[in-house]
Structure formats: structure tokens, C-alpha cells
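Q: Sequence first, predicted coordinates after that:
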Amino acid sequence: MKQILKDHKVVYTPAPSGTKRATGMVEKSNDLLEMILKKQFKKKSWPLYLNKGVYELSWRVIKHFGFSLYEILLGHQRSSTLEFKFPSLKRSKYTSEIIEFDWHQIQDPEEVEKHKDAVIHHVAIMETLRSDVERKDDWRRQVQKDRHDIGISQEIIFTSGSLVMLYDHAKAKMKLHASYRDPFVVIGFAGSHNKSYILRQVKGQKIKYLLRHCGKYRLRICLS
């Protein structure tokens, strides 16, 4: 992202975010700018939105200060929205064009149909962009879900005498620790809903565990 901004000669000051540390502010700002650019349908059009995206991001107001980043660091006063989008020179040009405009052509059936087609075409493009963004977002959420999935994706009914492994939530979060403890022997169901089992440890002690914590036993070979 830094190289893209540099290549297109865009000066980017990381805007304030919800984080308090400087590193978090920079990371959050970069993430927001990337989200803006990725919503554009074609990558080759990203440079067209860099200046506008950076400008708007840098104008977000720091809530507990009440001023934007430009006002705090540079003492810069932002122009009004009208002046920013339509400068005075352009407004005078638009005024002369409106005076000379032939308003009768608006009632022309061909022009009306062209306008309708243009509106429908614009709506279709926006819907395509929106569906594309939603599809990418759904894929991103699915990747995050799969990354944190403990690996139990189906319901298995164990019978008495089956060997099972138990998912260890505490050890699974530690590096170089096994996610499952084994083996355990299934004695029977622990309730009427068949969602939990009574297990017996090797030393004979009985414990009760929910079905979602149990997995099929897999023999592991230890090499010395």
C-alpha cells in the first residue's frame, strides 16, 4: 500500500482510529484505505480513487479532541463541500451552460428512454459491485471460521466400548501441545438427549463430556 501511494505521488497521513497506540492507528488506517480500494470493480481503477480516499480518511475527526488530523497538525481549514466538489470557476461555467440549455429536449421521448436506460445501467453496475463485495466478505468470514474451527464438523454417535479423544481447550491454545487427550472408553450416554457421554479414563475414573468435545480415536506412534 505504501508503494502504491508513493508511485502515484499521494501524501498519506495515517488518520486517527479507535486504537490508542501509533502502530494500531497506522494499521487501522491502511486497512480502511484497502477496503475502499477493494470495493472498486477493477484493480486498474484504484489510482483514480487514491487521492479522494486518502483525503476523506485524513479528515476523520478525533472524537476526544473535536478536530481532524489536518486541523491539528497543519492548522488547515477545510473548504466547504460545495467548494470542494464544485469550485467557483466550474460553478460559473455550469451556470452559463444551464442558461443556454434547451429544456425542451428533456421532453423528447428518445432522451427520456436514454435517461431510463442510463439509470438502469447504473443500478445494475452498483448491484454487481455490491454482490461482488458481499461475496468477497463472505469468503473472508468463511476463511476465518475455518481457521478457528476445532475440526469437528459432523455429529458422530459412539457406542459403548468405543475409544475416543477429548478436545483440550486449554492446551490447544499453547504451542507444541496436543489439542486432544486420549484414550478414553465410552461407557454410555449421560443424558436422555444423547448429546453427552460417560467416559472412563485409563485408571478407571468416570467423567462426563458433551458430544462436541469428543472425536474418533486415532492411534499415534511416538518415535524416540
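A: Received the coordinates, thanks. What you see is a predicted model; the values in this text were computed from it and never measured. Numbering: from 1, shown residues only.

Q: max-length strand in this protein?
A: For the chain, the longest strand by residue count, based on DSSP state E, is strand 180-189.

Q: Just the buried positions in that strand, please.
A: Going by neighbour count (16 or more other Cβ atoms under 10 Å), the buried part of strand 180-189 is Tyr180, Asp182, Pro183, Phe184, Val185, Val186, Phe189. Using the backbone N, CA and C atoms, a C-beta is placed for each residue, glycine as well.

Q: Repeat that for stretch 46-54.
A: Buried residues in stretch 46-54 (16+ other Cβ under 10 Å): Trp46, Leu50, Gly53, Val54.

Q: so the residue lying closest to the third one once chain neighbours are set aside is in which element?
A: Leaving aside its chain neighbours, Gly53 sits nearest to Ile36 (4.4 Å; criterion: Cβ to Cβ, 6 or more residues apart in numbering). With secondary structure defined by DSSP states H and E, Ile36 is part of helix 22-38.

Q: Check Met165 too.
A: Using DSSP H and E, the element containing Met165 is strand 163-167.

Q: Show me what secondary structure element comes after that strand.
A: helix 169-172.

Q: any idea of the mean pLDDT in that following helix?
A: Over the span of helix 169-172, the pLDDT mean works out to 74.

Q: Show me where the protein has its helices.
A: 2-7, 22-38, 46-58, 69-74, 81-85, 88-100, 109-147, 169-172 (DSSP state H).

Q: Of all those, which one comes closest to Ser196?
A: Within these, the stretch nearest Ser196 is helix 169-172; the backing value is 16.3 Å (Cβ to Cβ).

Q: what comes into contact with the closest one?
A: Ile150, His177, Ala178, Ser179, Arg181 (Cβ atoms under 8 Å, 6 or more residues apart in numbering).
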